[in-house]
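Trainee: Just to be clear, the model below is a prediction. Sequence and coordinates:
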Amino acid sequence: MKSDSKLLSAPYTVWMTVFIVLPMLLVGYFAFTDKSGSFTMENILSVGQYSNVFLRSIWLGAVATAVSLGLGYPLAYIISKVNVRRQNIMVMLVMLPMWMNFLLRTYAWMTLLEDNGLINSALAAVGLPRVHMINTAGAVVLGMVYNYIPYMILPLYSVLTKIDRSVIEAAQDLGANSREVFWKVVVPMSMPGVISGVTMVFVPAVSTFIISKMLGGGGNLLIGDLIDMQFLGSAYNPNLGSAVSLVLMVIILICMGIMNQFDDGEAVDGGGMLI
Amino acid sequence: MKNTIISLKDIAVSYDGEQILGGFNLEIHAGEFVTLLGPSGCGKTTVLRTIAGFIKPDAGDVFFYDKKITALPPHKREVNTIFQKYALFPHLNVYNNIAFGMRLKGRGEKEIKETVQRMLAMVNLTGYAHRGVSQLSGGQQQRVAIARALANEPKVLLLDEPLGALDLKLRKDMQAELKKIQQQTGITFIFVTHDQEEALSMSDTVVVMDGGVIQQIGSPTDIYNEPRNAFVADFIGESNILDGIMQEDYSVRFAGHDFCCLDGGFGKNIPVDVVIRPEDIKVVEPDSALIAGDVTAVTFKGVHYEIIVDVSGFKWMIQSTECRKVGDRIGLALTPNDIHVMKKSEYSGMYGDYSSFSDEMEETNALPDSMDDNRLTEQNVPPERKASAQKGALNKKNPVSEPEAEEEGGVHEV
């Protein structure tokens, strides 16, 4: 039995070593060396001068995550309450935008938000003043929420549907009105879903570059854009790019560590990590 | 005068257009241990959930003492429920589960702590306060559920088949424990079960239900000794149920003979159902009794032997401490005290013959390929028995379907 499972896992082990562990080590190597290949701390230290980019990324990522949670939780809760046939339809509708290419989705928002885009044309047509929307932080947050909210809704939905009806009834029976049932039973029992949803929205939102590039203009540079510039852009410097990536990774790990503190021993397990 | 704590008046409940209860009336007295007993689908859980407030009846009213509570939501009712699958809060430990109701009522932490300790002691779980509920066994979880409900100081405790998921020994312990708790606290218990033994051993009052209708209400001894119809006689314990004619008071004719009995008030020459409990029949020599028959099956049950006797086509069950062999001819002696006469009801003819223990078995055996020599063909089976076979697994006499599978087709001696 044991050797069987070892044999089965061999391809995965090889894959993970070659394509995950090795690249990570390479990133570490580049981050601590200069162009000639000798050890230096300069890259890591110079990341500090981009602290405003880091702060902006984390701030926008956090806002997008909070908005996704605020919008996604009620929707997930509603989906979990309706009958199974409706549930399937609603889950499909949530996932529908994900079938469209990511770039195309974001590009579509550009044409909507532009100063001469669809929304402003519509506003002008009914005699309202035009609103400047494209190339603002708000547009970036909108893009993040639009693209990542399914990753919030799906784990929440999967946890919420698993809550036993009789547990809700037990709470009502013990004197909880519907608000108390929600805050004292439903919310705590759905924490694993909240945590995986938050993680799955926050991490890609913090490190995105295409959304800020297309909807944020030049004024909303994010970490992702910074890294992009070091590898593919004008400021070609893979060593600095690796250092930025490394710092970003550490920051995300710390954020997730803090998040998981909310999910302590008493909470239900299972259903949390959907993907 | 007994004090009515809960009353249901003309309750009607239906699911998806199918009526579960209609014109249902029930009064429950304060401080009693009341059991709602019946086969699955008889509406007993619906009654319980109506009292708890989880079901709003389509018609009729629920009263708590004299107060109408029909429209009151569950969290405002002074009743608490113990659920079949415990329904503990998995995100809380034992202490916080028990404290849940008191916290909602805004009790002080000191009082909560005292009450939790007292409740844990009552259900023998002292020292478990800080365990997570998922670490507990089924029996322990059920005790926590009991403590959680009682900590709320309900006036009525509703128990929805709370012991169904426990193994036999543990179930017996919990039965005794629940009975003790009920006597200590004086709280009215309304207990739902399909287990007749559980109902008999725990209750002050048993309410036997079938098809959304109360068949009989009474003390366990009343229900057992004086069943009102064939359904009750069959569902509670084992019964031989025969067609009879009440010739006059204290004289009944069945199985081809006249017998003295203690029942009267039926009128003259009235068709009735006659119940004879298997343990009341005395096995004697064939020529010293009015009824005699051939033993077709013997099963050892530990305390006694279960003997199936074929008396002119009707299969009797006898419980006797004496062993008899298959093929023996024996006599069945009855005293007037052993004979219980019931009015005819819609259940007449559906139960009471031991050709098989369950209707399902009867249905299976009715297939022609399992016939043998001494079997009756289907045309010979009286119509009411055919009806019973078609009724399917409505009521199972005994989950262990048993020994005389090769025999089939009883005829009622009239």
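Mentor: That came through fine. Note that the structure is a prediction, hence the values are computed from the model and not measured. Numbers count the residues shown, from 1 in each chain, chains lettered A, B, ... in the order given.
Trainee: Quick check: which ranges of the stretch 301-414 of chain B have low pLDDT?
Mentor: B:356-414 (pLDDT under 70).
Trainee: cool, the stretch 1-150 of chain B as well?
Mentor: Ranges of the stretch 1-150 of chain B meeting pLDDT under 70: B:1-2.
Trainee: how about the residues of it near chain A?
Mentor: Neighbours of chain A within the stretch 1-150 of chain B, by C-beta under 8 Å from any C-beta of the partner chain: B:52-54, B:73-76, B:79-81, B:83-85, B:87-93, B:100-101, B:104-105, B:132, B:148-149. (Each C-beta comes from the backbone N, C-alpha and C, glycine too.)
Trainee: Does residue A:176 touch residue B:104 like I think?
Mentor: Yes. Counting by C-beta atoms under 8 Å, residue B:104 is a contact partner of residue A:176 at 5.6 Å.
Trainee: The two: which is more packed in?
Mentor: residue A:176 (22 against 17; other C-beta atoms under 10 Å in any protein chain shown).
Trainee: coming back round to it: in helices, which of the residues of the stretch 1-150 of chain B next to chain A appear?
Mentor: B:52, B:100-101, B:104, B:148-149 (DSSP state H).
Trainee: near chain B, which residues of the stretch 151-275 of chain A?
Mentor: So far as C-beta under 8 Å from any C-beta goes, the stretch 151-275 of chain A lies against chain B at A:164, A:166-167, A:169-177, A:180, A:184-185, A:188-189, A:191, A:265-268.
Trainee: how about stretch B:238-251: buried residues?
Mentor: Going by neighbour count (16 or more other C-beta atoms under 10 Å in any protein chain shown), the buried part of stretch B:238-251 is B:238-246, B:251.
Trainee: before we move on, back to that, top of the ones in helices among the residues of the stretch 1-150 of chain B next to chain A by neighbour count?
Mentor: Busiest of those [other C-beta under 10 Å] is residue B:148, holding 30 neighbours.
Trainee: which non-adjacent residue is nearest that one?
Mentor: residue B:98 (4.9 Å; C-beta to C-beta, 6 or more residues apart in numbering or on different chains).
Trainee: so is the one you found in a helix, a strand, or just coil?
Mentor: Per DSSP: H, G, I helix; E, B strand; the rest coil, the secondary structure class of residue B:98 is helix.
Trainee: thinking again about what came up before, narrow the residues of the stretch 151-275 of chain A next to chain B to those that are buried.
Mentor: For these, buried by 16+ other C-beta under 10 Å: A:166-167, A:169-176, A:180, A:184-185, A:188-189, A:191, A:266-268.
Trainee: Helices - which of those land there?
Mentor: A:166-167, A:169-173, A:180, A:188-189, A:191.
Trainee: what's the closest of those residues to residue A:99?
Mentor: Within those, distances to residue A:99 taken as C-beta to C-beta reach their minimum at residue A:191, with 29.8 Å.
Trainee: shouldn't that closest one be in contact with residue A:262?
Mentor: Yes. Applying C-beta under 8 Å, one finds residue A:191 in contact with residue A:262, separated by 6.3 Å.
Trainee: could the ones in helices among the residues of the stretch 1-150 of chain B next to chain A be laid out in JSON lines, adding distance to residue B:64?
Mentor: Below are these laid out as JSON lines (distance: C-beta to C-beta, whole Å):
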{"residue": "B:52", "distance to residue B:64": "12"}
{"residue": "B:100", "distance to residue B:64": "22"}
{"residue": "B:101", "distance to residue B:64": "18"}
{"residue": "B:104", "distance to residue B:64": "20"}
{"residue": "B:148", "distance to residue B:64": "21"}
{"residue": "B:149", "distance to residue B:64": "17"}
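Trainee: Excluding covalently adjacent residues, which one is nearest to residue 241?
Mentor: Looking at chain A here, since you left the chain open. Nearest one to residue A:241, counting by C-beta to C-beta, 6+ apart, is residue A:230 at 3.0 Å.
Trainee: My question was about chain B, not that one.
Mentor: residue B:352 (2.4 Å).
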